[in-house]
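>>> pasting a predicted model and its sequence here:
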Amino acid sequence: MNFYVDIYANILPDMPVINSGALSHEQAAERIAVFRRSNIKTAAAAPFFQPELQSREQFFAQRNALIEASNAAGLNTVLVPAAVLPLQYCMDDLRGLQPFALGKSQYLLVDLPTQPITEEFCEALSRLRIVSGLCPVAVDIERHFDFWSPEDWLTLRQAGILLQISIDGLLNPEYRKLSLYLLANQYAHFVATGAHPIDEPLRFTETMRLLQRSLPAELYRRIKNNPGMLLSNAEPSSFL
């Protein structure tokens, strides 16, 4: 039986995610039941941190309490702490980002702004990686497909950032071709449920089957196992 690791999940009630409202407690319970049925054994609960609305301390206290309550229930899907941070917040606090990291790893989930890929933008990403000691992972990159070109994605990779595509980026026919291209050429490395809309079915297993049909077997296994490698704190070079 296949078991999966989801590095970016909208699964906590009353906490915001990118481009989606917060789940109610009933919706969160329903979603984690779907995660169990989808054989997702580990999921990174990664709400969107909004510093203008909540302090770091409030964010951590709320997130950690919700994760502890879920794990204490003895469910088959274990939650690990994570967060998605706006890039500008990261640049304003380069040395204080470790508490937001993905699990106990040295990886950080980052929301990239929609702006031209300039030399200055890439230098900022490189500075984030070097000064913070963390490796940034851009989340749900299909949100920028209409703005950035394939060449832009290669430029971002060369700046040292890793890229994650959501299940919506693969199931949406408009985005599927580019998503598969980026994964097949190892410009993107991770597939996660991401900030999936509350009112739509979570089709994670279907997405993994699509990857299995569309990619060479060795590459499919690599992409399938990459989330576990990420949480185990593998070196960034492992994903090249």
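Looks like it came in fine.

>>> what comes up buried for stretch 26-38?
By neighbour count on 16 or more other C-beta atoms under 10 Å, the buried set for stretch 26-38 is Q27, A28, R31, I32, V34, F35, S38. (C-beta placed from N, C-alpha, C; glycine too.)

>>> can you check stretch 159-172 too?
Using 16+ other C-beta under 10 Å as the test for burial, stretch 159-172 gives A159, I161, L162, L163, Q164, I165, S166, I167, D168, G169, L170, L171.

>>> and stretch 208-221, by the same measure?
So, applying 16+ other C-beta under 10 Å, buried residues of stretch 208-221: M208, L210, L211, L215, Y220.

>>> dump it to PDB, restricted to CA.
Included here for stretch 208-221 are C-alpha records, laid out as PDB according to Å, rounded to 0.1, in the frame of the first residue of the first chain:
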ATOM      1  CA  MET A 208      -0.500  10.800  -7.600                       C
ATOM      2  CA  ARG A 209      -2.000   8.400 -10.100                       C
ATOM      3  CA  LEU A 210      -1.800  11.000 -12.800                       C
ATOM      4  CA  LEU A 211       1.900  11.500 -12.000                       C
ATOM      5  CA  GLN A 212       2.400   7.700 -12.100                       C
ATOM      6  CA  ARG A 213       0.900   7.500 -15.500                       C
ATOM      7  CA  SER A 214       2.600  10.600 -16.900                       C
ATOM      8  CA  LEU A 215       6.200  10.400 -15.700                       C
ATOM      9  CA  PRO A 216       8.900   7.700 -15.900                       C
ATOM     10  CA  ALA A 217       8.700   5.300 -13.000                       C
ATOM     11  CA  GLU A 218      12.000   6.300 -11.400                       C
ATOM     12  CA  LEU A 219      11.100  10.000 -11.500                       C
ATOM     13  CA  TYR A 220       7.600   9.300 -10.100                       C
ATOM     14  CA  ARG A 221       9.100   7.400  -7.200                       C
END
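
>>> hang on, the earlier thing: show only the entries of the buried residues of stretch 208-221 found in helices.
Cross-referencing these against helices under DSSP state H gives M208, L210, L211, Y220.

>>> could you identify the longest helix within this protein?
Longest among the helix segments of the chain by residue count, using DSSP H, is helix 56-72.

>>> from the middle of its chain, how far away would the helix or strand just after that one be?
Tracing the chain past helix 56-72, the next element assigned as helix or strand by DSSP states H and E is strand 78-81. In this view, strand 78-81 has its centroid 13 Å away from the chain centroid, taken as C-alpha atoms, centre = their mean, to the nearest Å.

>>> distance of S149 from P197?
According to C-beta to C-beta, to the nearest Å, S149 and P197 sit 26 Å apart.

>>> now swap in D111 and tell me
Applying C-beta to C-beta, one obtains 17 Å for the distance of D111 from P197.
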